[in-house]
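Q: Structure of the sequence below:
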Amino acid sequence: MKRAAEMLNYTHSGLVYTLNSLEEELGLPLLNRNFRGVSLTPEGKKLEPYIRSVVEDTQTLEEKIKELISERSKELYIGAYPAIARNVLPDVSSKFMKDYPEVTIHIYSGMQEITSWLDDDVIELGICEHGIAGSCQWLPVFRDETWVAVPSRDGFPENKPVSLDDLLDYTVMMPSHNPQSAGNEELFECLPSVQMLRLDPPIYREVGCIYKKEWQLTSYMKEFVASLRKYAQTELF
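A: Numbers count the residues shown, from 1 in each chain. Next up, the predicted model:
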């Protein structure tokens, strides 16, 4: 018994306790213990092939799980706001895949759906603003400055920031589902009839990555987040 405990990396008392607990749970004696050593009981001999089969199946299952995790770790499932998916992720993904050509990236474009995609395991990483992170783990990436679009005919000085007080007499139009990022395409299609102005003082929203608290980011995911941060620092500002 002592030698078996050493082979299994157990203490002698720990192995004895484990065997006693197993016999108690099964309601059957499995081992004969006497001064000559340890041997299987008749019940133990009958159960031995089944126990070996369970051990082998467990080992096969563990190997298959490791294989699937390895395959899964080479695929990134990412959800992002449409503006980020369209304007940021193509460059980030292209540069990332040059360093990691073995990785396949799946990108889902959405807004409020991002958290439900995480809940349903559709994606592993969401790129969004801090306001919808909820109980998810949060990794800050960059601050996104808010601009205001005004009709060019209203006489605001070009390239001069405006305050919120300057806009008090104007009707504010914002998409109800996501005031911060939706509708940009329609605004830019109106140029030059629409003038884009910064705010004074500036207003920012925090943009970052979210993932489930119970998950651990794979090494590829960590590298992707690092690539996203690097891109934000060098290309967005």
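Q: And the biggest helix by length in the chain, what's buried?
A: If you go by DSSP state H, the chain has its longest helix at helix 42-72. Neighbour-count burial for helix 42-72, counted by 16 or more other C-beta atoms under 10 Å, picks out 44, 47. Just so you know, the C-beta spots here come from the backbone N, C-alpha and C atoms, and that holds for glycine as well.
Q: Now do the helix or strand just after that helix: distance to the chain's middle.
A: Note on helix 42-72: by DSSP states H and E, the next helix or strand toward the C-terminus is strand 75-80. Mean C-alpha position of strand 75-80 versus that of the full chain (C-alpha atoms, centre = their mean, to the nearest Å) differs by 8 Å.
Q: Check which helices and strands strand 75-80 sits against.
A: strand 104-109, helix 113-119, strand 125-129, helix 219-235 (3 or more C-beta pairs under 8 Å, 6 or more residues apart in numbering; DSSP states H and E).
Q: closest to Leu19 out of these?
A: Of all the helices and strands packed on strand 75-80, helix 219-235 sits nearest to Leu19, with 39.5 Å by C-beta to C-beta.
Q: The closest one - contacts with which helices or strands?
A: When contacts are defined as 3+ C-beta pairs under 8 Å, 6+ apart, helix 219-235 packs onto strand 75-80, helix 89-99, strand 125-129, strand 137-145, strand 204-211.
Q: And for Leu236, the neighbour number?
A: Neighbour count of Leu236, defined by other C-beta atoms under 10 Å: 14.
Q: I figured it hits Phe142, correct?
A: Yes: taking C-beta atoms under 8 Å as the definition, Leu236 is a contact partner of Phe142 at 6.1 Å.
Q: how close does Tyr100 get to Ser219?
A: From Tyr100 across to Ser219, the span is 10 Å (C-beta to C-beta, to the nearest Å).
Q: what about those two, which has more around it?
A: Tyr100 (16 against 9).
Q: what's the residue nearest to that one when sequence neighbours are not counted in contact with, if anything?
A: The shortest distance from Tyr100 to any non-neighbouring residue, by C-beta to C-beta, 6 or more residues apart in numbering, is to Tyr220 (6.4 Å). Shown in contact with Tyr220 (C-beta atoms under 8 Å, 6 or more residues apart in numbering): 73-74, 76, 100, 103.
Q: Pull the number of nearby residues for Ile114.
A: The burial count for Ile114: 26, using other C-beta under 10 Å.
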